[in-house]
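In: Pasted the sequence and its predicted model underneath.
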Amino acid sequence: MMDGAEIALRERWRYTVATLPPRTLGLLPSASTKINKVCIGDSAGVLHCLSVKRGKITPVFTTPKGAAISRLAIVKDKIFVASGTEVRGFSKKGRNFYNISTFMTERIASMFVHGNELHLSGEHLYCHYVDNKEQPYYVSQDHLHDICPVVVPGLSTGQDPVAMLACGDRALRVVVGKATVCEVPLDVCPTSLCPLGGVEGGMLFGTSCGRVGAVTVTAQSHTVLWLGENPIGLGPVTAIAEGALLTAEGAAADVVVGHECGTVEVLSVGADGPEVRAVVRLGSAVTGVAVGNFSSDSSPDVVVATYSGAVVGFSAVAAHAEEVGASVELYAERLAATAAEVASLEDRLKTARAAAATANPSGSDGGGSGTPLPVVDVRDSFALVESDAAHLLTLELAVSIEMVVLHCDIDASIAVAPGTAAAATYSAVPGEGLVGCYACEPGTTRLQIVVRATEGQYGTLEANVIPHHRPKVCCRRRYQICALSLHERVSDPIDETLPLSTVELEGRFSASEFHVWLGRCLSDLAPQVSAARTVLVYTSTMIGTHVEVVYEDNMASLRSDCLSTLAILRDTISKEATLNSVHIKMTSHPTMASVPHCLQLLAPKFEYHLRVVQQYHVLESLKELVAHEGNGDFLMAEQRRLLENAAVIEREHADRPHHLRRLHGMVIRLYTDMCAFQRRNPKAGLERLNSTLQGAFNMADLLRGFDSP
């Protein structure tokens with residue numbers, strides 16, 4: 001057996017159903033053997049139970065279609081599924097033995113069952129049922145991403161678990177009834193939970209930035225055991241599971257992590273934190289992962305569910321292990337089964353086309369009375385990527401995407417993410433926004449677009465998705481872009497040692513009104529104000545400055561170590577207050593020491609792009625030299641590293657003009673805002689500053705440009 005060594009995940013079987021919502025995959029244990037069955041709940045409302053033997057899939061039972069299944073939970077030999085606000089229970093043979101229609105006002109998104117207790121959560125509501133009777137419920141002001149059972153020492157009765165909630169305000173909370181009994185603040189937003197085996201009060205959590213960590217909680221304290229990194233920039237964690245894959249006896253179990261970008265990682269956790277043992281990339285967002293014995297009672301396997309409806313079984317083998325006899329025979333059987341499945345799908349497609357032609361004999365693409373418009377499910381996300389200081393728009397369909405048309409009503413730039421195949425055309429008019437069109441290659445079901453907006457403006461990005469479908473339909477999605485769109489919320493208080501400037505606001509407004517105005521400036525706000533006095537802290541992903549907002553009825557205080565951030569907040573809130581006929585008195589206390597502080601934070605970015613230019617010129621010379629000599633064996637190690645990273649350097653060099661425009665815009669805005677706080681005309685200084693920025697970067701010259709009257 002292996003401990004921490006690299007392994008390989010080899011696909012053994014595959015099964016296709018309708019699109020799969022998050023966390024609708026589970027394992028049904030067998031009473032007589034160690035072999036598990038696979039249970040899947042899909043968006044068509046069908047519960048599938050599958051048995052796998054030698055790579056062959058045998059359906060144990062399938063339920064009739066119904067409302068889309070949003071969550072699946074398995075307790076011993078019982079299967080529970082949630083649809084809308086209802087929960088149903090099924091036996092291992094598919095008999096429906098339990099039904100409850102809850103009083104929840106939100107769709108059930110997360111669920112777990114323990115004995116006679118049912119724990120449910122929606123977007124903001126956590127409900128607890130005992131013997132089908134509703135207990136006191138908990139309302140979260142922030143989004144609830146997941147719930148999971150945890151046995152907390154000093155709090156749980158025996159082995160009866162309580163609920164841990166993954167909250168959108170970067171915290172894990174243990175809740176009993178209406179009360180929060182333990183809170184674990186994090187630097188990242190948790191999105192997925194899984195109990196940590198063998199550790200009392202332990203919990204694994206995945207985050208929106210693709211990192212994985214572990215915590216332990218007691219009634220009095222909590223400890224973050226470890227928090228991994230995400231060096232290759234994988235997407236948010238959508239599923240997480242624990243199990244032993246070719247692990248030495250007594251060693252810690254492996255952690256299997258599924259990401260929204262379609263990547264599955266196997267991590268081993270040691271004294272130095274998690275290490276990657278295996279990586280598998282799929283073509284669709286991962287919605288569920290599980291570890292168990294599916295085809296034998298000796299070797300654990302990994303099963304992965306994706307949004308597109310693919311359920312894939314992998315077996316873990318030693319890296320570079322050779323396939324022999326039985327494996328060759330297994331692959332031949334799988335190939336024959338796949339060919340039969342393709343033939344069956346082709347027959348179904350012909351039948352469906354014939355039925356469509358009969359219903360719409362005119363052959364038009366319009367939705368006439370005989371052809372109902374199809375319902376196309378779009379999985380979409382619009383998230384801030386901290387490392388790139390940009391937003392990533394992800395669109396995924398169960399069918400091929402023909403075209404995506406984007407419209408943004410503020411100044412922004414758009415580009416296809418690396419690895420995405422699409423022909424792009426767009427038109428941008430300064431001050432009027434942009435329109436972009438992406439024509440996708442046939443078979444493209446997933447499209448990622450990088451959106452870079454300039455802070456100071458707020459508006460809406462609209463995406464019109466046109467699938468390869470007849471009759472033609474268009475799915476529209478809208479996303480809000482805030483005035484401080486590159487800021488993300490943090491849980492730590494603001495550093496009082498920073499050169500902080502302050503803007504005080506007073507007027508006849510309520511905390512709820514101010515909360516709505518603030519929503520135009522900052523993202524990740526709760527839908528409603530949760531307390532009489534609210535304190536929020538954000539940090540800029542672009543340069544690392546901070547801003548603190550404190551507000552209550554009739555007053556608010558804004559503090560930041562960046563004058564531009566304060567100016568944007570002040571101007572946006574003033575505009576919103578004017579639109580609502582609310583008079584606000586503003587008092588500013590600028591700290592001029594914050595100006596060189598911000599320039600020092602910007603300096604490394606200017607220096608980085610200067611190094612990119614230097615590396616690019618060296619790279620071009622090295623390419624010519626290698627082409628002339630025929631090989632690069634004579635090069636030094638550093639020069640060979642440049643050649644190995646040629647694609648990255650060339651991409652960074654191509655993007656350099658855009659990045660420099662952003663940096664120049666930030667410097668000019670900072671100077672303009674400084675002059676506005678000082679109540680002087682910036683016109684003469686701007687001409688000198690523009691001249692300084694056009695030359696080679698020099699911090700001393702830049703500081704003199706700000707000091708000049």
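Out: Thanks, I have it. Numbering: from 1, shown residues only.
In: Can you give me the buried ones in stretch 131-148?
Out: Tyr137, Tyr138, Ser140, Gln141, Asp142, His143, Leu144, His145, Asp146, Ile147, Cys148 (16 or more other Cβ atoms under 10 Å). C-beta: built from backbone N, CA, C; applies to glycine.
In: Please apply the same query to stretch 420-435.
Out: Thr420, Ala422, Gly433, Leu434, Val435.
In: got it, and stretch 170-181?
Out: By neighbour count on 16+ other Cβ under 10 Å, the buried set for stretch 170-181 is Arg170, Ala171, Leu172, Arg173, Val174, Val175, Val176, Val181.
In: Torsion angles phi and psi at the residue nearest the centre of the chain?
Out: The residue lying closest to the centre of the chain (Cα atoms, centre = their mean) is Pro236, at 3.4 Å. Backbone torsions of Pro236, given as degrees, to the nearest 10, read phi -60, psi 150.
In: and what of Val312?
Out: phi -120, psi 130.
In: so where's the stretch 601-709 of the chain uncertain?
Out: The model of the stretch 601-709 of the chain has pLDDT under 70 over residues 708-709.
In: Taking the buried residues of stretch 131-148, tell me the two that lie furthest apart.
Out: Gln141 and Cys148 (20.3 Å; Cβ to Cβ).
In: Pull stretch 306-323 out as CSV, backbone CA atoms only.
Out: C-alpha atoms of stretch 306-323 as CSV (Å, rounded to 0.1, in the frame of the first residue of the first chain):
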residue,chain,number,x,y,z
THR,A,306,-21.3,16.3,-13.3
TYR,A,307,-23.8,18.9,-14.2
SER,A,308,-24.1,17.5,-17.7
GLY,A,309,-25.6,14.3,-16.3
ALA,A,310,-22.5,12.1,-16.5
VAL,A,311,-21.9,9.8,-13.6
VAL,A,312,-18.4,8.4,-13.9
GLY,A,313,-16.7,5.6,-11.8
PHE,A,314,-12.9,5.7,-11.3
SER,A,315,-10.6,3.1,-9.8
ALA,A,316,-7.4,4.2,-8.0
VAL,A,317,-4.2,2.5,-9.2
ALA,A,318,-0.5,3.2,-8.7
ALA,A,319,0.8,5.9,-11.0
HIS,A,320,2.2,4.5,-14.2
ALA,A,321,0.8,1.0,-13.4
GLU,A,322,0.4,-1.2,-16.5
GLU,A,323,-3.0,-2.5,-17.6
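In: Now go through the buried residues of stretch 170-181 and say which are in helices.
Out: Per DSSP state H, helices hold no members of the buried residues of stretch 170-181.
In: now, which of those sits nearest Gln615?
Out: Using Cβ to Cβ, the buried residues of stretch 170-181 come closest to Gln615 at Arg170, 36.3 Å.
In: Let me know the distance separating the closest one from Thr394.
Out: 22 Å (Cβ to Cβ, to the nearest Å).
In: Just give me the neighbour total for Ser83.
Out: By other Cβ atoms under 10 Å, the residues close to Ser83 number 18.
In: Find the nearest non-adjacent residue to it, please.
Out: Nearest residue to Ser83 in three dimensions, chain neighbours excluded: Ala67, at 4.0 Å (Cβ to Cβ, 6 or more residues apart in numbering).
In: What of Ser491?
Out: Counting by Cβ to Cβ, 6+ apart, the residue nearest Ser491 is Pro185, at 4.3 Å.
In: ok, so what distance separates the one you found from Ser413?
Out: Applying Cβ to Cβ to Pro185 and Ser413 gives a distance of 35 Å.
In: and if you look at Ala421?
Out: On the measure of Cβ to Cβ, Ala421 and Ser413 end up 20 Å apart.
In: Contacts for the helix or strand containing Asn99 next, please.
Out: Assigned by DSSP states H and E, Asn99 falls within strand 96-101. By Cβ atoms under 8 Å, 6 or more residues apart in numbering, the list of residues contacting strand 96-101 from outside reads 63, 78, 80, 85-91, 118, 129, 132.
In: now, which of these sits nearest Arg478?
Out: So of the contacts of strand 96-101, ranked by how close each gets to Arg478 (Cβ to Cβ), first place is Thr85, at 26.0 Å.
In: Could you point out the helix or strand that follows the helix or strand of the chain with the lowest mean pLDDT?
Out: When each helix and strand of the chain is scored by mean pLDDT, DSSP states H and E, helix 325-359 comes last, with a mean of 71. Using DSSP H and E, the helix or strand that follows helix 325-359 towards the C-terminus is strand 378-385.
In: ok, residues contacting that next one?
Out: 19, 208, 233, 236, 260, 285, 307, 390-397, 450-451, 461, 463, 465, 475, 477, 479, 485-486, 488, 523, 541.
In: coming back round to it: how about JSON lines for the buried residues of stretch 131-148, with pLDDT, distance to Ala355 and secondary structure added?
Out: Shown next, in JSON lines, are the buried residues of stretch 131-148 (pLDDT from 0 to 100; distance: Cβ to Cβ, whole Å; DSSP: H, G, I helix; E, B strand; the rest coil):
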{"residue": "Tyr137", "pLDDT": "89", "distance to Ala355": "47", "secondary structure": "coil"}
{"residue": "Tyr138", "pLDDT": "91", "distance to Ala355": "49", "secondary structure": "strand"}
{"residue": "Ser140", "pLDDT": "88", "distance to Ala355": "47", "secondary structure": "coil"}
{"residue": "Gln141", "pLDDT": "81", "distance to Ala355": "49", "secondary structure": "coil"}
{"residue": "Asp142", "pLDDT": "84", "distance to Ala355": "47", "secondary structure": "coil"}
{"residue": "His143", "pLDDT": "89", "distance to Ala355": "42", "secondary structure": "coil"}
{"residue": "Leu144", "pLDDT": "93", "distance to Ala355": "42", "secondary structure": "strand"}
{"residue": "His145", "pLDDT": "94", "distance to Ala355": "41", "secondary structure": "strand"}
{"residue": "Asp146", "pLDDT": "95", "distance to Ala355": "41", "secondary structure": "strand"}
{"residue": "Ile147", "pLDDT": "95", "distance to Ala355": "43", "secondary structure": "strand"}
{"residue": "Cys148", "pLDDT": "94", "distance to Ala355": "45", "secondary structure": "strand"}
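In: mind putting these in TSV, distance to Val404 included?
Out: Formatted as TSV, these follow (distance: Cβ to Cβ, whole Å):
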residue	distance to Val404
Tyr137	40
Tyr138	39
Ser140	33
Gln141	34
Asp142	30
His143	26
Leu144	30
His145	27
Asp146	30
Ile147	34
Cys148	36
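In: ok, of the residues you listed, which one's closest to Leu635?
Out: Looking across the buried residues of stretch 131-148 and measuring by Cβ to Cβ, the closest to Leu635 is His145, at 48.6 Å.
In: didn't that closest one look like it was pressed against Phe205?
Out: No - the criterion here is Cβ atoms under 8 Å, and His145 misses it with Phe205 at 9.6 Å.
In: Between those two, which contacts overlap?
Out: With Cβ under 8 Å, 6+ apart as the test, His145 and Phe205 both reach Ala166, Pro190, Thr191, Ser192.
In: Show only the entries of those residues found in strands.
Out: Members of the shared contacts of His145 and Phe205 lying in strands (criterion: DSSP state E): Ala166, Pro190, Thr191, Ser192.
In: Now list the buried members of these.
Out: By 16+ other Cβ under 10 Å, those give Ala166, Pro190, Thr191, Ser192 as buried.
In: List the residues that contact the third one.
Out: In this case it means Thr191. His145, Asp146, Ala166, Phe205, Gly206, Thr207, Ser208, Pro236, Val237, Thr238 are the contacts of Thr191 under Cβ under 8 Å, 6+ apart.
In: Let's see the pLDDT reported for it.
Out: Here the pLDDT value assigned to Thr191 is 94.
In: and what of Ala248?
Out: Predicted confidence (pLDDT) for Ala248: 57.
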